[in-house]
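> structure, please.
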Amino acid sequence: MVTCPACGKENEDLASECKRCRAPLRDEEVPIEFEAAPPSLGEVCPRCEAYNVPGVDSCSNCGAPLGSSQPASAATVAADKTPPEAFTPPSQTPETMSQELRALAISDEEAAEAGLTMAGSGNGSPQDKTPPAPFALAGMAPPPPSTGRARVAVPVSPGGAAAAGPAIPTRRPPPAPASPGRAKPPEPVISMPLPADKPCGNCGALNPPAAKFCFDCGTPFARKAAPTQPPPSIHVDAELAAETYEDATMESPPVAADEPVPAEQVAEAVPEEQPPPFEARFVLETGAAQGTAFPLAHLENSLGGSAAHIGLGEDAFLAPHSATITFVEDRLVLRDEGSANGVYVKIRESAALEPGDLFVAGERLFRFEGSIELPARVEGDPPFLGATRPEGAVVRVTEVLAGAKTGRTCHRAGVLAIGRTGCDMNFPADALLGPKHAEVRVADDGSATLADLGQAPSGVLLRVRPQQPVDLLAGDVVRVGEQQLRLEVA
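Below you'll find the model as predicted:
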């Protein structure tokens, strides 16, 4: 292998020029010796090395005379040292190599943008990355080792010192195929000043001013900021500038800096809360704190957890704000705030029922389902054994268990009684229920009424409907969660 002195590329032993930079590898042509073919195999052309059949006087490939029909001896072949005609493959033509180097280097537009004039042919060929040592003329300083980016040649003064100012190296075009009797003179090196190299912020390597990325590490350079246009100037007409306008703020007298401003003029007056029109309080009837009084000290009093005006502690069935008690003129109004378990008020004698209403009797919670239509028995079918069932329009009352589960269900056509014994719905284990505690009465028009029969002190409590406030009177009992409160009015 032969190493190119210009770029360091390894080439074949018989190569006359480098296949990368096309620099000559030797001054003299290497003689090529050919062995003579056996007499029975024909003759080999000493010029193009083409094989010819025996008896041919001239080469069938290049037309060169073969000398005689007899096979040439080894000495005759060795004596003929005429080199074959040089042949350049299509892939190594100067035009293709130039295009390849142009694609690797910067474009003509980038060079023009940086203010560079490219050396080479007249059409602005790109800079060559090959070190200029093999083609440098006398008076040029030797280049540094190649780093893979474009180099700048520095001219040397006759005294031996390098001249100030960088110069652009130019690439010598590849040598044309050798022709006998003619030598092509070397082209002169054209140098011109260049702007300073651009250092890479990552590795510090110097790059051409128009480079978009570092030739050593590949780090891209930041783009130049677009020039900002100056803001448009504003021209004011002289007639408009001469006109004056009245300003309302000019009429107000100036306020001295040291003159204090009264706080009454700056701060907004906060209205004082009016006291309740009369005194009222709730007294706790159940629990460990039985007898505790909660005065209603505001026009609106919240009822719920510990943070409310009437705080009943940590009750698991109590919302933080279950209800609101408001003074409206000379009466008290209770409003349910939409809590999950609701607020219940003890009925005085009776109260109207609507489908979906909940009421408490003893320790039981019931739901009034309203009027429903039961299907009639089909004639001819054998009846099922069981209690007598009503037919036609009836009302249904359902027991509600903990967790909103459904317990017992009862259908009746006129009156539905609830108690411990002798009723339609009996709960003998409930100590707070009377023998006949309450009744649900249905009128002929379908309206229902809940009545307290007065046989037990616990009474019957009806849930307050959401967004339907109720008036409270002295002695009324309100239940929230597991707590019962009695209203007292002074």
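> rest of the way, CA atoms for contacts and neighbours
Will do.
> just the element for the spatially closest residue to Ala413 that is not a sequence neighbour, please.
Leaving out its chain neighbours, the residue that sits closest to Ala413 by Cα to Cα, 6 or more residues apart in numbering is Val394, at 4.2 Å. Using DSSP states H and E, the element containing Val394 is strand 392-401.
> so what secondary structure elements neighbour that strand?
strand 364-374, strand 405-412 (3 or more Cα pairs under 8 Å, 6 or more residues apart in numbering; DSSP states H and E).
> picking up where we left off before, quick check: the residue nearest to Ala413 touching Ile372?
Yes - the pair Val394 and Ile372 qualifies as a contact (Cα atoms under 8 Å) at a distance of 5.7 Å.
> wait, what's in contact with Val343?
Ser322, Ala323, Asp336, Arg463, Val464, Val478, Arg479, Val480, Gly481 (Cα atoms under 8 Å, 6 or more residues apart in numbering).
> in a strand, that's where the first one is, yeah?
Yes - read with DSSP: H, G, I helix; E, B strand; the rest coil, Ser322 is one of the residues of a strand.
> still on that earlier bit, winner for burial among the helices and strands packed on strand 392-401?
strand 364-374 (a mean of 17; mean count of other Cα atoms under 10 Å).
> so which elements touch it?
Strand 364-374 packs on strand 358-361, strand 392-401, going by 3+ Cα pairs under 8 Å, 6+ apart.
> who does the longest one pair up with?
Read that as strand 392-401. With DSSP bridges as the test, strand 392-401 is paired with strand 364-374 (antiparallel), strand 405-412 (antiparallel).
> same question for the shortest one.
When sheet partners are counted by DSSP bridges, strand 358-361 sits next to strand 364-374 (antiparallel), strand 460-463 (antiparallel).
> run through who's touching the last one.
Counting by Cα under 8 Å, 6+ apart, the neighbours of strand 460-463 from elsewhere in the structure are 342-347, 357-362, 438, 452, 479.
> what does the longest one give?
For strand 364-374, the surrounding residues in contact (Cα under 8 Å, 6+ apart) are 353-360, 391-401, 446, 448.
> show the buried residues in those.
Buried members of the contacts of strand 364-374, counted by 16 or more other Cα atoms under 10 Å: 353-354, 357-360, 394-400, 448.
> which two from those residues end up farthest apart in space?
Using Cα to Cα, the buried ones among the contacts of strand 364-374 reach their maximum pairwise distance at Val360 and Val394, which is 21.5 Å.
> domain map for the chain?
According to automatic domain parsing, the chain comprises the domains 106-155+164-173+187-218, 280-373+391-489.
> rank those domains by pLDDT, which is bottom?
Comparing mean pLDDT over these, the weakest stretch is domain 106-155+164-173+187-218, at a mean of 60.
> need the domains of the chain in JSON lines with distance to Pro24, can you?
Output for those, formatted as JSON lines (distance: least, Cα to Cα, whole Å):
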{"stretch": "domain 106-155+164-173+187-218", "distance to Pro24": "9"}
{"stretch": "domain 280-373+391-489", "distance to Pro24": "99"}
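> what about stretch 439-448, how long is it end to end?
10 Å (Cα to Cα, to the nearest Å).
> list the contacts of that stretch.
352-354, 370-371, 395, 413-418, 449-453.
> now, those residues that are in strands?
352-353, 370-371, 395, 415-418, 449-452 (DSSP state E).
> pull the most distant pair out of those residues.
The farthest-apart pair in those, when distances are taken by Cα to Cα, is Ser371 and Asp452, at 20.8 Å.
> tell me the one of the buried ones among the contacts of strand 364-374 nearest Glu10?
Val400 (98.8 Å).
> so what sits opposite the closest one in the bridge?
Counting by DSSP bridges, Val400 forms beta bridges with Leu365, Thr406.
> surely it meets Thr409?
No - counting by Cα under 8 Å, Val400 stays clear of Thr409, with 9.5 Å between them.
> before we move on, the earlier item: can you redo the helices and strands packed on strand 364-374 as a markdown table with distance to Glu314?
As requested, those are exported to a markdown table (distance: least, Cα to Cα, whole Å):
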| stretch | distance to Glu314 |
| --- | --- |
| strand 358-361 | 22 |
| strand 392-401 | 22 |
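> closest to Pro208 out of these?
Comparing the helices and strands packed on strand 364-374 by Cα to Cα, strand 392-401 comes nearest, at 88.5 Å.
> what lies in contact with the closest one?
364-376, 406-414, 442.
> for stretch 426-435, same thing?
With Cα under 8 Å, 6+ apart as the criterion, stretch 426-435 contacts Ala361, Gly362, Glu363, Ile418, Gly419, Arg420, Thr421, Gly422, Gln455, Ala456, Pro457, Ser458.
> buried set for that stretch?
In stretch 426-435, counting by 16+ other Cα under 10 Å, buried: Asn426, Phe427, Leu432, Leu433, Gly434, Pro435.
> and what of stretch 303-315?
Buried-residue list, stretch 303-315, by 16+ other Cα under 10 Å: Leu303, Gly304, Gly305, Ala308, His309, Ile310, Gly311, Leu312, Asp315.
> got it, and stretch 214-223?
Those would be Cys214, Phe215, Asp216, Phe221, for stretch 214-223 by 16+ other Cα under 10 Å.
> the helices in the chain, which residues?
Per DSSP state H, the chain carries helices over the ranges 74-79, 94-104, 108-113, 238-242, 263-266.
> I'd like the mean pLDDT over the last one, please.
It refers to helix 263-266. pLDDT averaged over helix 263-266 gives 59.
> so how far is Ile347 from Lys9?
111 Å.
> more crowded one of these two?
Shown here are Lys9 and Ile347; by other Cα atoms under 10 Å, Ile347 has more neighbours (19 against 14).
> wait, the more buried one touches Thr449, no?
No - counting by Cα under 8 Å, Thr449 is not a contact partner of Ile347; they are 11.3 Å apart.
> quick revisit: could the contacts of Val343 go into a markdown table alongside distance to Arg47 and neighbour count?
As requested, the contacts of Val343 are arranged in a markdown table below (distance: Cα to Cα, whole Å; neighbours: other Cα atoms under 10 Å):
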| residue | distance to Arg47 | neighbour count |
| --- | --- | --- |
| Ser322 | 116 | 22 |
| Ala323 | 118 | 22 |
| Asp336 | 118 | 22 |
| Arg463 | 122 | 20 |
| Val464 | 122 | 21 |
| Val478 | 127 | 24 |
| Arg479 | 124 | 21 |
| Val480 | 121 | 23 |
| Gly481 | 119 | 19 |
